[in-house]
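S.K.: what's the 3D shape of this:
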Amino acid sequence: MARYIGPKSKIARKFGEPIFGADKAFEKRNYPPGQHGNNRRRGKKSEYAIQLLEKQKAKYTYGILERQFRNIFEKASSSKGVTGEVLLQLCESRLDNVVYRLGIAPSRNAARQLVSHRHITVNDNLVNIPSYTLQPGDKIGIREKSKSLHAITTSLEANSSVYEWMTWNNDTYEGNFVSVPQRVQIPENIKEQLIVELYSK
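M.R.: From the prediction side, this is the model:
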């Protein structure tokens, strides 16, 4: 299963945002990586460079590699609606992302691992495919044997995020993917139009 396993703080510093979550290294050095950091003379970025950077930011944020991300874009471009918005909606509808949003895991990488290791159920069926696309009304749960896992209970206790398009019941350890989020509801700082322009060249 392909996934990014390289340095994270360096990538976050490249984009100037903690895209992988709270990061002490980023907080200490929130300037571009490299020997000269902020002192390096950087010329004005080309239009292509800006678009490419935005695409890379989206890929790293959701933990998706190039081929899969392009497939999602093609699916979005053939769908009804605004391509950029549909692209982000498809990313948000991925099972690993929803597990992270519900607070079952502290990061998307951790969520991906929980799904791959068969700890998560969808509509009472075990699903071990992180890229599985959820539909409105789907029920997300934790496998009975996994409900006492320290990593899951700790993450749920620390979670304070609430999203309008999903619900979570702490008593039953079950959540609902109520609806596909609208663009204004998605908190990620991604300029999706730049990605559309890049792929449309």
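
S.K.: How about Gln185, nearest residue that isn't a chain neighbour?
M.R.: Distance criterion CB to CB, 6 or more residues apart in numbering; nearest residue to Gln185, sequence neighbours excluded, is Glu164 at 5.7 Å. Just so you know, the C-beta spots here come from the backbone N, C-alpha and C atoms, and that holds for glycine as well.

S.K.: ok, that neighbour - contacts?
M.R.: Counting by CB atoms under 8 Å, 6 or more residues apart in numbering, Glu164 touches Val178, Pro181, Gln185.

S.K.: Share the number of residues neighbouring the first one, please.
M.R.: When neighbours are counted by other CB atoms under 10 Å, Val178 registers 14.

S.K.: give me the number of residues near Glu144?
M.R.: Neighbours of Glu144 under the rule other CB under 10 Å: 9.

S.K.: In terms of pLDDT, where does it sit?
M.R.: Glu144 carries a pLDDT value of 93.

S.K.: Please name the nearest non-neighbouring residue to Arg183.
M.R.: Glu85 (4.6 Å).

S.K.: shouldn't Glu188 be in contact with Thr61?
M.R.: Yes - applying CB atoms under 8 Å, one finds Glu188 in contact with Thr61, separated by 5.9 Å.

S.K.: out of these two, which sits in the more crowded spot?
M.R.: Using other CB under 10 Å, the more surrounded residue of Glu188 and Thr61 is Thr61, with 19 against 14.

S.K.: State the phi and psi torsions of the more buried one.
M.R.: Thr61 adopts backbone torsions of phi -60, psi -50, taken as degrees, to the nearest 10.

S.K.: quick one: it and Asn71, what's the gap?
M.R.: Taking CB to CB, to the nearest Å as the measure, Thr61 falls 17 Å from Asn71.

S.K.: same thing with Pro106?
M.R.: Taken as CB to CB, the span from Pro106 to Asn71 is 28 Å.
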